[in-house]
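Colleague: only geometry, no sequence info:
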């Protein structure tokens, strides 16, 4: 199957049954992103989302130096922006229309990771700056290597982070003062601090160990009923954005179909027989 | 008074003035719940909510083994589900209608704990699985014994937790990655981890000590003005589900009546006279 | 410039370029607030919000004893409340109308700190009770001295906190059980506990050290592009109160103008030249 | 079946297959409501909601004079309010707590009509004042006799309508200025005006004709798939209270189960065969 | 009293007890607005909001030609915009910050009419363009003279209406297609069309007649309990912006104080005695 | 340009400068939709949305019989549904997952019309059933021919409308009782009724006249500043889904860029010179 998952900027492998591993593959540029990459990222995750042989996904970056150094500023500055609005010098309002479209498309590509129906565990290492934070907060679980150097870097290049960090980080980390501090100063923070505030769930001695731990976590999730796991992800994300009352009601409607799965019987029977259950594809 | 609080599955006692203690009373089955129990639970808390001689409530489980092992799966599988929709084999949509009603009623019973106007402190011990998490997140404060073994167990039986955990846990614990991890893996976590992430506020060496601490906390809350305490609970729960601006406005409207209580004068006078204030029933 | 910032209850100084320091100046009464003070507080922050020579603000309290002991209860009890509604004894509903107006105006003054377009870092010390919590949760980052004694004191005087604590504290600290416990008991907590739960970001040995650290943090924020910093604050506060989807869209619209700043070019160029960028006033 | 639907203040009959008719039965008092009545109303609609032999419900009032003259003020003034809070004279805050409980319970009884899973068509005639508006806006479709005299009467007795009118009427009638005018003046409006602004969908020459039209409409709705009809009611009510985006997503989740009904095949086949479909009970 | 209500751009008179009449007083310029005017408008309505001798307010425009021709474009173009951001040519982002502040302040002045605690009835005539729509949708009830010529004029000067029309008009008129048509074309519509779609509640033959009708409506509202009337306005506006469930709950909290007014007894007694009730000031 | 807009199921022409006309092109099947069509529809509108030579769009259906008869039920029943979930018979929960994806994709295609940045005017005629309502409520303005026969047809085939009607129709037509009636009965309604309740803005004697009127309306919108027109559409749609307060703030942020357009100057100057303004592309 992996042979068909051939992409230019991402290696997609299947280290274990039901577990996909997506690796950002531009190590020579510290995995910095430009437009073609995030468009491809969106394609990869949209496809994995609907691939019934995938139940959990690990995301990491190639090379030793960086998960990703963020936006490739050089590539971005040569990009299509500004040339969209026809001949002549567009006024500030016309530039704003073009920028809105551009940002919205960029956001939408990163949100593909959140929309992906399967859990996504990100294993970070080395430099994880700017877009690295946007991207990792769209994942479900974050782990990292001890050498990680994180920063909400955007204010250092004169802008407010706009691809997701400012909307998602405060809902990922329940310490609003810390979120504001790192977002307003762009200061670097390390793995231990990330663990302490809850930005990551685990710190591992090396990138290899972090990726291995992420794969192990993916294997564990993939061993459960996919109906249960994917429903859980969906309801948790919905509940984050709604009142408890609306969360409960949405859950009711969701589970009225999901509880009709044969997986409940399979899981219960396996429990009694003390053997590992198997679940039909989803 | 306690004599009138006679229930089949719950012991209700009054260890201190204004403090009620509700004990789940099915120790031989590890306090596992079936339908008659959650209906009764709702009755108990609805009644305590309006009983003016109660100002704080402690919830715990009988026996040594478990706060509650969760849903009594055996009883559930013999339940009324499926028989609601008349003769013949109902189609998947009709089953869904019956399931929705059933889940909504179940949720509503657990939400009775959250709706209860008085603060509820839960003291957990031993196994606290599945429904234990749904139930405890509907309480205001959580403490536990050192031997506690928690799990969001539902994915292990093929379903997404639907009685409140997925809607309330992310608003109780400000570490969304951890919430996702334990909800997507069903792994067991202990008292120390629960304390570290903020799921519980205190860990005690034994169940006895945990319950005693909970009662002590209840006594402290019950010594305050009930107008102040019950208003505080209400406004905190409302604010969790609304914007800061809507939270402020609701507070204004609430306090426009509540500030007219004589309790403010009583509290201030007692402060000056350095004696314990007494407050009228509410 | 400072000479023009002359206020009765607040000292406003400018310890560093672009950094203002607002000191609550009623040390002989432990910086307790009465109506004229919060009206002035609102004026100070509204003016700083629009002053283009200010890019970050530090807030602290004069004297050794207290950041602020909260509401000056004595002054409050002699206040205008009750006399608003004309002759005769107003009924409970008319009193409620007057109270609502009064609370809303009070809230609005404290919210001026949140509305202030520049980041506000509060450095607390000594007693920081009641209104201290309302006020500090309207700031962006909280630090404190080791001797700080905090309490959500309001239930001790018979009321639910109504100037912001109950709406903002649960969104600042991601541990809802702890928030409920301290709000329902009014118990004092210290600097270490405040750090552990994330209420403050740093604890310093003395008030002097805490204020110095806050100023240093302000200097750091003030060294960044003001377009980036003020946009970041705005988007973080908006995102707190909305869904991720609404947060992303608002960000898009905001940045469609903000990205057109020359600060991006200045910041990038300075990065290449490894020198400190300068940014035009905003 | 009707024999088992025996209530004190409501006649429940079944004029056609699948159609229930609930008649307010206190004609000698112009169908004015007191507490025992709205508690019973809630029971009636909760039971009809789950009765699989009912697919549509008509609501009307007995006698010639009034659908309902509203609250029975005399009975209300002799009610339990004020006596809840124990001995002594409760302060204004304690009275407020008792009032909140009382209003919430009253609202909840009327909301039982909205929560009822089957469509409810109300046929009004004669006086339809105060509570009549609260009650009818909780129904799905409103028709009336030409002699109807409507009023949002509450300001005339010194209070803001609090049982639903002010929350539901602006979402039923898309003319906010008219809603404000009738709510702020308590002026009477007739059937023609009600039709013109969209408060009612049809005006009939007599009460008999209005009830007959309502029954006919109920019969028509009851002839459709109950899976389709009840899903439509639910999704319309949800969408009223949410954004379009949230409405669409909720619809998706709901229909993922509902589309699995055999009713779709039955309906399509009947269409081809040009005969009336029959649908299994729900 | 009127003597103390002396303003430069508004005549404030008191044609009847408890009824204020605010007249836009710049007839020679077709009552076109510039900054000093909307700042004063806000002052007028904020003061009337808290003046206990006022219970209803009528708003109209002086002269025969226009209620208001909208923004005084000439004055606006000479305004302070652009000069805020210091020396040099501000970049597009800096201009955007200044514009946001300016628009927000302008919006806030018009919103003062909506925030005003008393009902506001606007009587329009002649030209009522642009800002006229923003302003009138912030009022509670709209009536007009037969000669009225309305237009959401903003697209004709190259901008989207930003002072309230686009946010409020769709919630005032329940015909979203019509709202979009008039907002996207800027076409003029007359009094009859305004009546038909529900933008106004009544059309009168002349300005004099429209103002007289508005005053009469104000007198009627002012004859009711101010506790009831002001509570009704507040709850209707809150409900417009929230779900029915949140609307009901807010109502409960509001009325728990408001029902304790003596106005209920006064109103009931007057009803029995068939005389006009009098109500204490509020 | 039109030559490049070549699609299989849609004719795209440009009857006037800046105005595109999209015609559903399957007249022999009464323009009934199947999956390839809605995918193409989405492509057409996404492309028009970003095409700077288009400023307004008209949508209509080819042939004399129908705007669209709705879903092509025959094609739908032969579709891919059910085959997605691999081998074996999927359980009800797995079917639900596949259905959810399918419905969400379908909804998303129709929502492309709403997301389109340019105003869309739909001209309907003949049969306009089921999906016709979903589609037309995603447009901005609706007009129709006198022979139009509308129905929210879905309950007649055993399902709740799920492609947008139930979420959008109540926000398009401010008469919730009428919306419920037509959605719960599937009854046909004609052009006059559609006009009376506000579902359409105009009724024309023939399809030709309706399309001509729509084009004329499009020409009028296209003659205005595209910055103004597209901003107006965006803000109106946002405001529909948010509170007035959130609507105002979003408007402020939007216009802070949009007001910097040269179109304001162009429009003002043209007004003074009494000539038709021209605006740069957007």
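Modeller: Arrived safely. Small disclaimer: the values here were computed from a predicted structure and weren't measured. Numbers count the residues shown, from 1 in each chain, chains lettered A, B, ... in the order given.

Colleague: Between the two ends of stretch A:117-132, how far is it?
Modeller: End-to-end span of stretch A:117-132 (CA to CA, to the nearest Å): 21 Å.

Colleague: Quickly check: it near chain B or not.
Modeller: Yes - contact of stretch A:117-132 with chain B (CB under 8 Å from any CB of the partner chain) involves residue A:119. The way it works is simple: take the backbone N, C-alpha and C, and place the C-beta from them, glycine included.

Colleague: From the chain's centroid, how far away is that stretch?
Modeller: 6 Å (CA atoms, centre = their mean, to the nearest Å).

Colleague: Identify all contacting residues around the helix or strand harbouring residue A:42.
Modeller: For residue A:42, the host element (DSSP states H and E) is helix A:35-50. Contact with helix A:35-50 is made by A:5, A:7-10, A:12, A:20, A:22, A:24, A:26, A:33, A:54, A:57, A:75-76, A:79-80, A:106, A:108-110, A:112-113, A:115-118, A:120, F:101, as judged by CB atoms under 8 Å, 6 or more residues apart in numbering or on different chains.

Colleague: In strands, which of those residues appear?
Modeller: A:10, A:12, A:20, A:22, A:24, A:57, A:120 (DSSP state E).

Colleague: Contact partners for the last one?
Modeller: What that stands for is residue A:120. A:45, A:56, A:57, A:58, A:59, A:113, A:138, A:139, A:140, A:141.

Colleague: which residues in chain A form helices?
Modeller: Counting by DSSP state H, chain A has helices at residues A:35-50, A:73-77, A:92-115, A:131-137, A:165-172, A:176-185, A:191-197, A:207-222, A:226-240, A:244-258, A:263-273.

Colleague: Comparing those by mean pLDDT, which bottoms out?
Modeller: Across the helices of chain A, helix A:73-77 has the smallest mean pLDDT, namely a mean of 79.

Colleague: Any buried residues in that helix, and which?
Modeller: residue A:73 (16 or more other CB atoms under 10 Å in any protein chain shown).

Colleague: So what's the gap between it and the chain middle?
Modeller: 23 Å.

Colleague: likewise stretch A:145-162?
Modeller: With CA atoms, centre = their mean, you get 16 Å for stretch A:145-162.

Colleague: Would you mind naming what in the stretch 51-200 of chain A lies close to chain B?
Modeller: Residues of the stretch 51-200 of chain A lying near chain B (CB under 8 Å from any CB): A:119, A:140, A:141, A:142, A:171, A:172, A:173, A:174, A:175, A:198, A:199, A:200.

Colleague: 6 Å - rerun?
Modeller: A:119, A:140, A:141, A:142, A:172, A:174, A:198 (CB under 6 Å from any CB of the partner chain).

Colleague: The second one is in contact with residue B:179, isn't it?
Modeller: If I follow you right, that is residue A:140. No - between residue A:140 and residue B:179 there is no contact under CB atoms under 6 Å: 9.6 Å.

Colleague: Residue in the stretch 151-282 of chain A with the shortest distance to chain C?
Modeller: Minimum separation of the stretch 151-282 of chain A from chain C (CB to the nearest CB) falls at residue A:174, amounting to 1.3 Å.

Colleague: tell me the pLDDT at the closest residue to chain B within chain A?
Modeller: Among the residues of chain A, residue A:174 lies closest to chain B, at 1.3 Å counting by CB to the nearest CB. Per-residue pLDDT puts residue A:174 at 95.

Colleague: follow-up on the earlier one: wait, the residue of the stretch 151-282 of chain A closest to chain C sits on residue B:174?
Modeller: Yes - contact criterion CB under 6 Å: residue A:174 and residue B:174 qualify, at 1.3 Å.

Colleague: Spit out the residues that contact those two alike.
Modeller: residue C:174 (CB atoms under 6 Å, 6 or more residues apart in numbering or on different chains).

Colleague: Do you know the pLDDT at residue A:78?
Modeller: Here, the pLDDT recorded for residue A:78 equals 68.

Colleague: before we move on, the earlier item: kindly reformat the ones in strands among the contacts of helix A:35-50 as JSON lines containing pLDDT.
Modeller: Shown next, in JSON lines, are these (pLDDT from 0 to 100):
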{"residue": "A:10", "pLDDT": "98"}
{"residue": "A:12", "pLDDT": "98"}
{"residue": "A:20", "pLDDT": "98"}
{"residue": "A:22", "pLDDT": "98"}
{"residue": "A:24", "pLDDT": "98"}
{"residue": "A:57", "pLDDT": "98"}
{"residue": "A:120", "pLDDT": "98"}
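
Colleague: quick check, nearest of those to chain E?
Modeller: Closest approach to chain E among these (CB to the nearest CB): residue A:24, at 31.0 Å.

Colleague: ok, the closest one to residue F:27 distance?
Modeller: 50 Å (CB to CB, to the nearest Å).

Colleague: Between these two, which has more neighbouring residues?
Modeller: Taking other CB atoms under 10 Å in any protein chain shown, residue A:24 and residue F:27 do not tie; residue A:24 has more neighbours (24 against 14).

Colleague: partner residues bridging that one?
Modeller: Legend: beta-bridge partners of residue A:24 under DSSP bridges are residue A:10, residue A:61.

Colleague: most distant residue from the middle of chain A?
Modeller: Each residue of chain A has a distance to the centre, and by CA atoms, centre = their mean the biggest one is for residue A:88: 39.2 Å.

Colleague: How about that residue, nearest residue that isn't a chain neighbour?
Modeller: residue F:280 (6.5 Å; CB to CB, 6 or more residues apart in numbering or on different chains).

Colleague: And residue A:204, by the same measure?
Modeller: Residue A:204's closest residue in space is residue A:210 (CB to CB, 6+ apart), at 4.1 Å.

Colleague: isn't the one you found right next to residue A:146, touching?
Modeller: No - contact status for residue A:210 versus residue A:146: not in contact, 8.6 Å apart, counting by CB under 6 Å.

Colleague: For the closest residue in space to residue A:206 that isn't next to it in sequence, which residues count as its bridge partners?
Modeller: Once flanking residues are discounted, residue A:206 sits nearest to residue A:145: 5.6 Å by CB to CB, 6+ apart. Beta-bridge partners recorded for residue A:145 (DSSP bridges): residue A:204.
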